[in-house]
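Colleague: build me a model:
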Amino acid sequence: MGKRYFEESELIINPDGSVFHLHVRPEDLADKVILVGDPGRVELVASHFDTKECNIESREFHTITGTYNGKRIMVTSTGIGCDNIDIVMNEIDALANIDFNTRTEKEKIRQLDIVRIGTCGGLQPYTPVGTFICSEKSIGFDGLLNFYEGRNAVCDLAMERALLNHLGWNGNMCAPAPYIIDADSELVERIADKDMVRGVTIACGGFFGPQGRQLRIPLTDPKQNEKIEKFEYNGLKITNFEMESSALAGLARLMGHKATTCCMVIANRVAKEANTGYKNQIDDLIKIVLNRI
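Modeller: Numbers count the residues shown, from 1 in each chain. Predicted structure coming up:
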């Protein structure tokens, strides 16, 4: 069987040889990748680099590749949401594993270490503001992985059924079809070490209604967050809300990469407290990840 050819409409390559959205070229990609949501946070991560090779900006996607303590690292911003993770992960994987000259898959798969650094909302009393959480499991309320073949083979189907029953979503056509995916265990062990909470993270399709926030529009289920906080499966409880971890872990697993998400809690939904002055502490998390990736 011949190599699969990727048509121009499926893999869009810019005239300068860079991938369509990121504007990054294959030679700019490092084996170690840090993802951040905020484009402004890319410069914060790269401020710790010893050297810098490239600095590329395109829409919400900002990329700097450089070295840190002898390690070559690329940091890229994704913007907010699992839909953007779909763009970034597919384009990063294309940079690694598709020959842009022949538009065919490379013979040997190049595996990347990918860590997302972000902020989140804590859902348990033991995840107060300032806690660092490394997601060893992610629950996708976004539905993205359901569009990819092999989704059932990499997800925790038993835990999915238990959560659906607990939330009362079975048979509700308006509710999302959540998927539950494990992050790479070796990467979690390396990044979380002994000083981060190893969490079960829900990635939501929005910041307000999907996370149980009500402003002027009433919620379908006002008790959703209360149910989520009480859910327990084999001793695991849901620790935090954010908006990207499930797509990252799921796509990485299907593509053959190692990935996890590390977040700092900036709001605790149980205690109803929030901290918007978190920038110095997020830099502490950045330095931890840089040293361990």
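Colleague: what is the least confident helix or strand in this protein?
Modeller: strand 273-274 (a mean of 81; mean pLDDT, DSSP states H and E).
Colleague: now for that one, which elements pack on it?
Modeller: strand 258-268 (3 or more Cβ pairs under 8 Å, 6 or more residues apart in numbering; DSSP states H and E). Just so you know, the C-beta spots here come from the backbone N, C-alpha and C atoms, and that holds for glycine as well.
Colleague: so what are the sheet partners of the strand it packs on and their directions?
Modeller: If you go by DSSP bridges, strand 258-268 pairs up with strand 113-122 (parallel), strand 132-140 (antiparallel), strand 273-274 (antiparallel).
Colleague: switch the ones you listed over to a markdown table; also include mean neighbour count and distance to residue 77.
Modeller: Below are the strands paired with strand 258-268 laid out as a markdown table (neighbours: other Cβ atoms under 10 Å; distance: least, Cβ to Cβ, whole Å):
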| stretch | mean neighbour count | distance to residue 77 |
| --- | --- | --- |
| strand 113-122 | 26 | 11 |
| strand 132-140 | 27 | 19 |
| strand 273-274 | 13 | 23 |
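Colleague: just to revisit the earlier point, which residues touch the least confident helix or strand of the chain?
Modeller: 128, 129, 266, 267, 268 (Cβ atoms under 8 Å, 6 or more residues apart in numbering).
Colleague: most residues in a single helix of this protein, which one?
Modeller: helix 82-97 (DSSP state H).
Colleague: what residues of it count as buried?
Modeller: By neighbour count on 16 or more other Cβ atoms under 10 Å, the buried set for helix 82-97 is 82, 84-89, 91-97.
Colleague: can you give me the angle that helix makes with strand 132-140?
Modeller: Here helix 82-97 runs at an angle of 100 degrees relative to strand 132-140 (axes from the mean of the first three to the mean of the last three Cα atoms, to 10 degrees).
Colleague: quick one: contacts for residue 84?
Modeller: By Cβ under 8 Å, 6+ apart, the neighbours of residue 84 are 60, 78, 244.
Colleague: could you redo the last one with a cut-off of 6 Å?
Modeller: Each residue near residue 84 by Cβ atoms under 6 Å, 6 or more residues apart in numbering is listed here: residue 78.
Colleague: one more: residue 257?
Modeller: So residue 257 contacts 111, 112, 114 (Cβ under 6 Å, 6+ apart).
Colleague: from residue 30, how far off is the closest residue in space to it that isn't next to it in sequence?
Modeller: Using Cβ to Cβ, 6 or more residues apart in numbering and skipping residues adjacent in sequence, the residue nearest residue 257 is residue 112, 4.6 Å away. To residue 30, residue 112 is 8 Å away according to Cβ to Cβ, to the nearest Å.
Colleague: between these two, what contacts are shared?
Modeller: Counting by Cβ under 6 Å, 6+ apart, nothing touches both residue 112 and residue 30.
Colleague: next helix or strand past the helix or strand that contains residue 225?
Modeller: Using DSSP states H and E, residue 225 falls within helix 224-230. Next in sequence after helix 224-230, counting helices and strands by DSSP H and E, comes strand 232-233.
Colleague: report the distance from that following strand to the chain centre.
Modeller: 23 Å (Cα atoms, centre = their mean, to the nearest Å).
Colleague: strand partners of that strand, parallel vs antiparallel please.
Modeller: strand 236-237 (antiparallel).
Colleague: rewinding a little: which one's more surrounded, residue 112 and residue 30?
Modeller: Remark: of residue 112 and residue 30, residue 112 carries more neighbours, 23 against 18, as counted by other Cβ atoms under 10 Å.
Colleague: per-residue pLDDT, that one?
Modeller: Per-residue pLDDT puts residue 112 at 98.
Colleague: got a list of what it touches?
Modeller: Applying Cβ under 6 Å, 6+ apart, the residues near residue 112 are 31, 33, 257.
Colleague: for those residues, which one is nearest residue 138?
Modeller: residue 257 (14.6 Å; Cβ to Cβ).
Colleague: give me the pLDDT for that closest one.
Modeller: 98.
Colleague: what's the answer for residue 280, then?
Modeller: 74.
Colleague: do the same with residue 232
Modeller: Per-residue confidence (pLDDT) for residue 232: 97.
Colleague: switch to numbering from 450
Modeller: Understood, numbering begins at 450; the last thing we discussed is residue 681.
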